[in-house]
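K.L.:
Here's my sequence, what's the structure:
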Amino acid sequence: MRRVTSLKALILASALLAAAPASAEIRIIQSPGGQVGPFLDLFEKVRESGERVVIDGPCLSACTLVLSIVPGERICVTKRAVLGFHAARSVDRRGRFYAEPEASVAVLAAYPGPVRDWISRRGGLTSRLLLLKGRDLAAIYPRCR
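P.N.:
Got it, this is the predicted structure:
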């Protein structure tokens, strides 16, 4: 079992996936998100490997792309799981964030229907962080055994 706790660990885990047996699991215990590319690469490898994903803590921002890439039947959540969603954004050369509306539409469309519906009922993807946890999350993804 590997734990994803930071972007460095995420990249390291990505490199290790090729040798992982199909019965292994990825356990996300704390991910603040980050640049989309490394998350897409990792979750594509997880999908191909057949591994299960256990969300066991905060999975925020780009980390939530796991929901779009790994089949839902291979994702489970613990009581500590929290998913955090916001609109897509980029950073300019001066370190200022700016909205990426087209990317936000694409990301929202890629989420599974129940997640998309939950986000839409709360006003959609905006600069405000939406936290999916507890009963709402357990209604969408099964608890890990």
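
K.L.:
The longest helix along the chain - contacts with which helices or strands?
P.N.:
Determined from DSSP state H, the single longest helix within the chain is helix 36-49. Here helix 36-49 is seen to pack against helix 7-16, helix 66-69 when contacts are counted using 3 or more CB pairs under 8 Å, 6 or more residues apart in numbering; DSSP states H and E. In this view, the C-beta of every residue, glycine as well, is placed from N, C-alpha and C.

K.L.:
among those helices, where is the model least confident on average?
P.N.:
When the helices and strands packed on helix 36-49 are compared by mean pLDDT, helix 7-16 comes last with a mean of 41.

K.L.:
residues near residue 81, how many?
P.N.:
Residue 81 has 24 neighbours, counted by other CB atoms under 10 Å.

K.L.:
dump the residue contacts of it.
P.N.:
Residue 81 sits next to 55-57, 59, 133, 137, 141 when contact means CB atoms under 8 Å, 6 or more residues apart in numbering.

K.L.:
Residue 109 too?
P.N.:
By CB under 8 Å, 6+ apart, residue 109 lies in contact with residue 116.

K.L.:
Quick check: the two most widely separated of the contacts of residue 81?
P.N.:
Maximum pairwise distance among the contacts of residue 81 (CB to CB): 14.1 Å, between 57 and 141.

K.L.:
ok now stretch 116-127, how far from the chain's centre?
P.N.:
Counting by CA atoms, centre = their mean, to the nearest Å, stretch 116-127 is centred 16 Å from the centre of its parent chain.

K.L.:
Quick check: pLDDT value at the most centrally placed residue in the chain.
P.N.:
By CA atoms, centre = their mean, the chain has its centre lying nearest to residue 64, at 1.9 Å. As predicted, residue 64 sits at a pLDDT of 98.
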